[in-house]
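1. Any chance you could fold what I've pasted below:
(2 chains)
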Amino acid sequence: MAIRQNVSGDSYELLVSGRVDGAAANDLEVQVLNAIKSGAKEIFINLSEADFLCSAAIRVIMQHWRQLKGQGKRLAVTRPSKPVDEILAMTGFRDAVVENPATRT
Amino acid sequence: MADLRFTFDSKGSEREQFFAELRRFAVENGWLPAIANEVELIFEEWLTNISSYGFTAQPDPKIHIRIQAERDHARLEVSDNGATFDPTRRKDPDLSIPAEQRPIGGLGIFMMKKLSRNLVYERVGDWNRLVIEKDLVTPVLSPKT
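-> Numbering: from 1, shown residues only, chains lettered A, B, ... in the order given. Okay, the predicted model is just below:
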């Protein structure tokens, strides 16, 4: 698993590739927290290159999705790969957290 | 029948070695990458559950894994000497609750059930034994394109 980061103003994109297992979920949380600490108002987690997503990673995404939403900020999953999209659908979180490309500003 | 056995103490050091062995076994037996990823995800969830919750009071934790693969299905057996826990009795999350309010816990076992054909649990002496039946022909999730 690898995470690349693109920053544009206060908008952060985390591009996550490979198998997002428990250790990777910890790394993802560190990156999300770093982005928040750096003043991110929008965090996009691009999962187009992810092979799968474990439940710990879903927990990280949903916890920070809720927290940022409550602060008037935004976290979204973008371009999930097919298996990742189906895992998010299976667990009932896809509609809430996956961004429709048309809504991206 | 192809057979893979692995034993470790759940402290983490052998975990990567197990997953490397599992990936090698999957390639050697011609599993589709999507199937191999699903099997890896099933093990990821169950091993995390065991090491996070099962071994809190176990000074000498042990996990034994055996994978028996036929052409079209596999039997994944995991035995651990942790606290009694039957995942088949775990209630599934209520997906009708809005995402904002729904508890996030319990997803791992729910995912294991969804990715498997069947789960059978039994307590044998001081050991939990979980046998997972996995279809090796048709992935549950679409392959990554």
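2. Contact partners for the residue nearest the centre of chain B?
-> Nearest to the mean C-alpha position of chain B, by CA atoms, centre = their mean, lies B:Phe43 at 3.1 Å. Listed by CB atoms under 8 Å, 6 or more residues apart in numbering or on different chains, the contact partners of B:Phe43 are B:18-19, B:22, B:65, B:76, B:78. (Glycine included, C-beta is placed from N, CA and C.)
3. ok now the helix or strand containing it, how far from the chain's centre?
-> Using DSSP states H and E, B:Phe43 sits within helix B:33-49. The chain centroid and the centroid of helix B:33-49 are separated by 6 Å under CA atoms, centre = their mean, to the nearest Å.
4. can you check stretch A:90-99 too?
-> Worked out by CA atoms, centre = their mean, stretch A:90-99 lies 11 Å from the chain centre.
5. what comes up buried for it?
-> For stretch A:90-99, burial by neighbour count (16 or more other CB atoms under 10 Å in any protein chain shown) applies to A:90-94, A:96-99.
6. Secondary structure, distance to A:Leu47 and pLDDT added to these, as JSON lines?
-> JSON lines is the format used below for these (DSSP: H, G, I helix; E, B strand; the rest coil; distance: CB to CB, whole Å; pLDDT from 0 to 100):
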{"residue": "A:Met90", "secondary structure": "helix", "distance to A:Leu47": "15", "pLDDT": "94"}
{"residue": "A:Thr91", "secondary structure": "coil", "distance to A:Leu47": "14", "pLDDT": "94"}
{"residue": "A:Gly92", "secondary structure": "coil", "distance to A:Leu47": "17", "pLDDT": "93"}
{"residue": "A:Phe93", "secondary structure": "coil", "distance to A:Leu47": "12", "pLDDT": "94"}
{"residue": "A:Arg94", "secondary structure": "helix", "distance to A:Leu47": "11", "pLDDT": "94"}
{"residue": "A:Ala96", "secondary structure": "helix", "distance to A:Leu47": "15", "pLDDT": "94"}
{"residue": "A:Val97", "secondary structure": "helix", "distance to A:Leu47": "10", "pLDDT": "95"}
{"residue": "A:Val98", "secondary structure": "strand", "distance to A:Leu47": "9", "pLDDT": "95"}
{"residue": "A:Glu99", "secondary structure": "coil", "distance to A:Leu47": "11", "pLDDT": "90"}
